[in-house]
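Engineer: what follows is a predicted structure for the sequence shown.
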Amino acid sequence: MSRLISRRAEAIDASGIRKVFDLAARMKDPINLSIGLPDFDVPEPGKQAAIRAIESGHNRYTQTQGIASLRERLRADLSREMGKDVGEVLITSGVSGALLLAILSVIDPGDEAIFLDPYFVMYKHLITMAGGKSVIVDSYPDFGFPADRVEQAVTPKTKMLILNSPSNPTGMVMTPQQIEQAVRIARKHNLLILSDEIYEPFLYDVSRENRVYSPLSLYDNTLVVRGFSKSYAMTGWRVGYACGPAEIISQMTKLQQYTFVCAPSPFQEGALAALDVDMSRSVESYRRKRDLVYSKLSQKFEIQKPGGAFYIFPKVPDGMSASAFVEQAIANNVLIIPGNVFSERDTHFRISYATTDDKLLQGCDILLSLV
Ligand SMILES: Cc1ncc(COP(=O)(O)O)c(C=O)c1O
């Protein structure tokens, strides 16, 4: 180890995903089913508002908590959805920024945070960066919410339960009963629920209007993080937001002041304009793709039908590791991600179906031919 490198940085192992990228770099025109972002573009009113913002001089720092118009709009929308005033909303540099600030505000060295396996990769690494301990609870084979196992994992050091519904990488959506179970555990043990709802608009089997969706509607000690990267295809614009307990939002705001400073100024204006765009056609088209990929791949693979996001997480045939299967797929020009990037297990693979029907069908046919 170089004398200059911190133990914090050394502790982060990115070898799994790097190996996939190295293999991918050698592919010519791959059928790429690995990309975790929508294949549609930013809606036009969002683009125009960002351009107008740049041209009219909105290029400086904003208040660290974000522009008032966006914060007020989100507070009103979220309060309506949660059935109570959600308090101040903090605009962050993407949901990634919100996750980092939340974890730095809550986790001390030695503190524990529980989340389910499979998981969004960043949780583990952010908790390591904060000096905390990830307590990872297996949710195979159905990727539901194993309440008993979660409760057994709680110790006096547990501070946080991270939920991610709809989930990356499984696409699973928590049922109202599962959310109630998570809230019951959090309430009993006085835990913060960090609810990563970045894929919240992509729900295929429940109506967005009649749902108990966010634990924040049931439990005040919930920090909700959402963003614009996936819902409006603004991954490069870096705009997300957080709302929840005032004392945590205020710590996050202080930390944002000394790290990110603020989310990008013109893109906050663009994000605000995008909130008025009806995205239901895009969501509908992803529902159709979900059905397409599920009906194809379930012919030969064991799969839990996802209810949201744009991922599906099939199991590779018995006797084979996911990494070996992915190498075969890549050799046949299909780029997918092995489950061990998102999991302590190496038995499944992640497909992102946010691509054209043509590519999706070609990719599925090749994957089926490998079994
Ligand atoms: C579950 C989940 N949370 C957070 C993020 C980060 O999103 P952002 O681009 O807003 O930082 C992602 C991105 O892939 C994600 O899948």
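Structural biologist: Yep, it's here.
Engineer: L78 belongs to a helix?
Structural biologist: Yes. Assessed by DSSP: H, G, I helix; E, B strand; the rest coil, L78 belongs to a helix.
Engineer: skip the chain neighbours and tell me the closest residue to it.
Structural biologist: V86 (4.5 Å; C-beta to C-beta, 6 or more residues apart in numbering). Using the backbone N, CA and C atoms, a C-beta is placed for each residue, glycine as well.
Engineer: what is the neighbour count of the one you found?
Structural biologist: Per other C-beta atoms under 10 Å, the neighbour tally for V86 reads 24.
Engineer: tell me who's in contact with it.
Structural biologist: For V86, the contacting residues are 75, 78-79, 216, 224, 243-244, by C-beta atoms under 8 Å, 6 or more residues apart in numbering.
Engineer: buried ones among the residues you listed?
Structural biologist: 75, 78, 216, 224, 243-244 (16 or more other C-beta atoms under 10 Å).
Engineer: so where's the chain shaky on pLDDT?
Structural biologist: 1, 208-212 (pLDDT under 70).
Engineer: for it, what lies in contact range of the ligand?
Structural biologist: Contact residues, the chain versus the ligand (C-beta under 6 Å from any ligand atom): 36, 94-96, 120, 164, 168, 196, 198, 227, 229, 235, 240.
Engineer: rerun at 5 Å
Structural biologist: Residues of the chain lying near the ligand by C-beta under 5 Å from any ligand atom: 36, 94-96, 120, 168, 196, 198, 227, 229, 240.
Engineer: which one of those residues is nearest K315?
Structural biologist: N168 (17.4 Å; C-beta to C-beta).
Engineer: and for G131, the neighbour number?
Structural biologist: Residues within reach of G131, counting by other C-beta under 10 Å, total 14.
Engineer: contacts only, for it.
Structural biologist: Applying C-beta under 8 Å, 6+ apart, the residues contacting G131 are 8, 107-110.
Engineer: any idea how far T259 is from it?
Structural biologist: 17 Å (C-beta to C-beta, to the nearest Å).
Engineer: the residue of the stretch 51-200 of the chain found nearest the ligand: what's it in contact with?
Structural biologist: Minimum separation of the stretch 51-200 of the chain from the ligand (C-beta to the nearest ligand atom) falls at G94, amounting to 2.8 Å. By C-beta under 8 Å, 6+ apart, the residues touching G94 are 227, 229, 235, 238-240, 263.
Engineer: how about the nearest residue to T92 once chain neighbours are set aside, secondary structure?
Structural biologist: The shortest distance from T92 to any non-neighbouring residue, by C-beta to C-beta, 6+ apart, is to A98 (4.0 Å). Counting by three-state DSSP, the backbone at A98 sits in helix.
Engineer: contacting residues around A98?
Structural biologist: 90, 92, 225, 227, 240-242, 252.
Engineer: mind listing the helices for the stretch 201-350 of the chain?
Structural biologist: In the stretch 201-350 of the chain, the helices defined using DSSP state H, counting those that start in this stretch lie at 246-257, 265-274, 280-297, 322-331.
Engineer: need the residues that contact the third one.
Structural biologist: To tie it back to what came earlier, the one meant is helix 280-297. Contacts of helix 280-297 (C-beta under 8 Å, 6+ apart): 38, 40, 171, 201-204, 303, 305-306, 310, 312, 314, 351, 353-354, 357, 360-361, 364-365, 367-368.
Engineer: tell me which residues of it are tucked away?
Structural biologist: Within helix 280-297, judged by 16+ other C-beta under 10 Å, the buried ones are 282-283, 286-287, 289-290, 293-294, 296-297.
Engineer: which two from the contacts of A98 end up farthest apart in space?
Structural biologist: G227 and M252 (14.4 Å).
Engineer: neighbour count: the two, which is higher?
Structural biologist: The residue with more neighbours, out of G227 and M252, is G227; 30 against 26, by other C-beta under 10 Å.
Engineer: quick check: closest non-adjacent residue to that one.
Structural biologist: Nearest to G227 is G240, by C-beta to C-beta, 6+ apart, at 3.2 Å.
Engineer: got the contact list for the one you found?
Structural biologist: Contacts of G240 by C-beta under 8 Å, 6+ apart are 91-98, 198, 225-229, 263.
Engineer: mind doing that once more with 10 Å?
Structural biologist: 90-99, 198, 225-229, 234, 263, 271 (C-beta atoms under 10 Å, 6 or more residues apart in numbering).
Engineer: repeat for E200
Structural biologist: 81, 165-166, 173, 208, 213-214, 224, 226-227, 230-231, 308-309.
Engineer: can you check I179 too?
Structural biologist: Neighbours of I179 in contact, by C-beta under 10 Å, 6+ apart: 145, 163, 165, 193, 195, 211-215, 217-219.
Engineer: swap in 6 Å and give it another go.
Structural biologist: P215 (C-beta atoms under 6 Å, 6 or more residues apart in numbering).
Engineer: tell me the secondary structure for it?
Structural biologist: helix.
Engineer: now do it against S165, distance only.
Structural biologist: Taken as C-beta to C-beta, the span from I179 to S165 is 8 Å.
Engineer: picking that back up, show only the entries of the contacts of E200 found in strands.
Structural biologist: 224, 226-227 (DSSP state E).
Engineer: tell me which of those residues is nearest to the ligand?
Structural biologist: Among these, and counting by C-beta to the nearest ligand atom, the member closest to the ligand is G227, at 3.8 Å.
Engineer: was I right about the closest one contacting I198?
Structural biologist: Yes. Counting by C-beta atoms under 6 Å, I198 is a contact partner of G227 at 5.2 Å.
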